[in-house]
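dropping the sequence and predicted coords here.
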Amino acid sequence: MDDYNQLNKDNFLYHHHPCLGEFTPQKLVFNANLQEFSQSVCYISNLQNGEKLSSQECYEEIELLWQQLTQSFKALGMDKNTTG
């Protein structure tokens, strides 16, 4: 596969959206964490749909990812920032 096709494939599979609103380093980190969470949930749900994971395993994996995202949100001080 040539470099151009690889780049298009990577952009399709690992598309990232820019952070909106006022820029802060915390928002940038949380945005990256949120996008990683979203991508992981897609992978897990696809594994469940392909019958590689049970519904219970899928739920437990997503619950763990949610807890990690929540901890990240709190550790970055985002819960204290209510202005968006």
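Noted; the coordinates are in hand.

Glu22: what secondary structure?
On the three-state scheme (DSSP: H, G, I helix; E, B strand; the rest coil), Glu22 is labelled coil.

how close does it get to Leu28?
Separation of Glu22 from Leu28 (CB to CB, to the nearest Å): 11 Å. All C-beta spots, glycine's among them, are computed from the backbone N, C-alpha and C.

where along the chain do the helices fall?
In the chain, helices defined by DSSP state H lie at 3-13, 25-49, 55-75, listed in chain order.

report the distance from the second one to the chain centre.
Meaning helix 25-49. 1 Å (CA atoms, centre = their mean, to the nearest Å).

just to revisit the earlier point, for the helices of the chain, give me TSV that also has mean pLDDT and mean neighbour count.
Listed next are those as TSV, based on pLDDT from 0 to 100; neighbours: other CB atoms under 10 Å:
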stretch	mean pLDDT	mean neighbour count
helix 3-13	66	9
helix 25-49	93	15
helix 55-75	97	13
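
what's the nearest residue to Leu47 once chain neighbours are set aside sitting at in phi/psi?
Nearest non-adjacent residue to Leu47, counting by CB to CB, 6 or more residues apart in numbering: Leu53, 4.5 Å away. In terms of degrees, to the nearest 10, the main-chain angles of Leu53 are phi -130, psi 150.

what sits against Leu53?
Each residue near Leu53 by CB atoms under 8 Å, 6 or more residues apart in numbering is listed here: Ile44, Leu47, Glu61.

that concludes my questions; thank you for your assistance.
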